[in-house]
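build me a structure from this.
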Amino acid sequence: MLVMGIGQILGFIFGTAFASGLNLYATIAVAGLLERFGGVQLPGSLAILGNPLVITAALLLYFIEFTADKIPYVDHAWDVLHTFIRPFAAAVLAYGATAAIPREWRVLAALLAGGIALTSHGTKATMRVAVNASPEPFSNSIVSIAEDAIAIFFAWMATQHPYAAIFLVILSVAFCIFVLVKLFSVARSVAQRMIRLVTRRAPVPAS
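Residues are numbered from 1 along each chain as shown. Next comes the predicted model:
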């Protein structure tokens with residue numbers, strides 16, 4: 001059974017945090033299945049994720065999310081709700097994974113994981129708003145499936161190739177920040193154009 005050292009635990013934190021921001025329940029299900037059947041010993045107190053009840057609950061919630069995430073505007077509500085769940089859960093996973101180190105470092109690990117998860121979640125939610133604006137009916141489902149696949153990939157990398165997971169998460173977070181900045185710039189430009197258009201069309205009051 002693979003037992004994680006400090007570097008592997010850091011890779012686990014990075015990988016599961018980024019994956020949790022995209023799909024929390026897929027992340028927990030993958031980690032639990034690897035703990036139970038994949039020969040992986042999860043760090044800290046996270047062995048509970050391999051409990052059949054936890055795995056079943058995670059898979060059930062993943063199925064619910066898989067369905068909700070394919071329905072335009074329902075996915076917005078789901079993402080808004082999970083703004084308060086995904087980063088917090090990622091922080092809890094990081095805190096549980098670092099049971100063997102001093103508490104102040106565990107808190108820092110939890111904050112780091114929460115920030116990573118919030119970044120991937122924010123990018124996912126923002127891009128989904130842009131995708132739903134498209135009249136094409138299949139893009140939402142395609143993007144959703146791609147997000148699920150990326151989440152599962154990062155959750156798997158977090159346990160199987162933790163050092164590579166660190167590198168990929170750093171690159172992915174940088175890319176997410178770049179995308180968020182670009183989307184914000186586009187949204188601001190569109191808003192400014194609409195304001196100018198409304199201002200030009202507004203009737204001039206009689207003197």
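
before we move on, which element is residue 13 in?
helix 6-22 (DSSP states H and E).

which strands and helices sit next to that helix?
With contacts defined as 3 or more C-beta pairs under 8 Å, 6 or more residues apart in numbering; DSSP states H and E, helix 6-22 has these neighbours: helix 24-37, helix 86-97, helix 103-132, helix 139-160, helix 162-201. Backbone N, C-alpha and C define where each C-beta goes, glycine included.

list the contacts of residue 85.
Residues near residue 85 by C-beta atoms under 8 Å, 6 or more residues apart in numbering: residue 24.

one step back: list the buried residues of the helix holding residue 13.
Along helix 6-22, these residues count as buried under the neighbour rule (16 or more other C-beta atoms under 10 Å): 8-22.

I'd like the average pLDDT over it.
The average of the pLDDT scores along helix 6-22 is 94.

alpha carbons of it, as PDB, please.
Extracted in PDB, the C-alpha atoms of helix 6-22 (Å, rounded to 0.1, in the frame of the first residue of the first chain):
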ATOM      1  CA  ILE A   6       5.400  15.100   3.200                       C
ATOM      2  CA  GLY A   7       5.800  15.800  -0.500                       C
ATOM      3  CA  GLN A   8       3.100  13.400  -1.500                       C
ATOM      4  CA  ILE A   9       0.700  15.000   1.100                       C
ATOM      5  CA  LEU A  10       1.400  18.500  -0.400                       C
ATOM      6  CA  GLY A  11       0.600  17.100  -3.800                       C
ATOM      7  CA  PHE A  12      -2.500  15.500  -2.500                       C
ATOM      8  CA  ILE A  13      -3.600  18.900  -1.000                       C
ATOM      9  CA  PHE A  14      -2.900  20.800  -4.300                       C
ATOM     10  CA  GLY A  15      -4.600  18.200  -6.500                       C
ATOM     11  CA  THR A  16      -7.700  17.600  -4.400                       C
ATOM     12  CA  ALA A  17      -8.100  21.300  -3.800                       C
ATOM     13  CA  PHE A  18      -8.200  22.200  -7.500                       C
ATOM     14  CA  ALA A  19     -10.400  19.200  -8.300                       C
ATOM     15  CA  SER A  20     -12.800  20.100  -5.400                       C
ATOM     16  CA  GLY A  21     -13.300  23.500  -6.900                       C
ATOM     17  CA  LEU A  22     -14.600  21.900 -10.100                       C
END
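
so what pLDDT did residue 152 get?
pLDDT, residue 152: 96.

residue 155: what's it in contact with?
Residue 155 makes contact with 15-16, 19, 26-27, 30-31, according to C-beta under 8 Å, 6+ apart.

closest to residue 102 out of the residues you listed?
residue 16 (21.2 Å; C-beta to C-beta).

how about the nearest residue to that closest one, chain neighbours excluded?
Spatial nearest neighbour of residue 16, excluding adjacent residues (C-beta to C-beta, 6 or more residues apart in numbering): residue 158 at 4.9 Å.

thought the one you found was touching residue 20?
No: Residue 158 lies out of contact with residue 20 (C-beta atoms under 8 Å); the separation is 10.1 Å.
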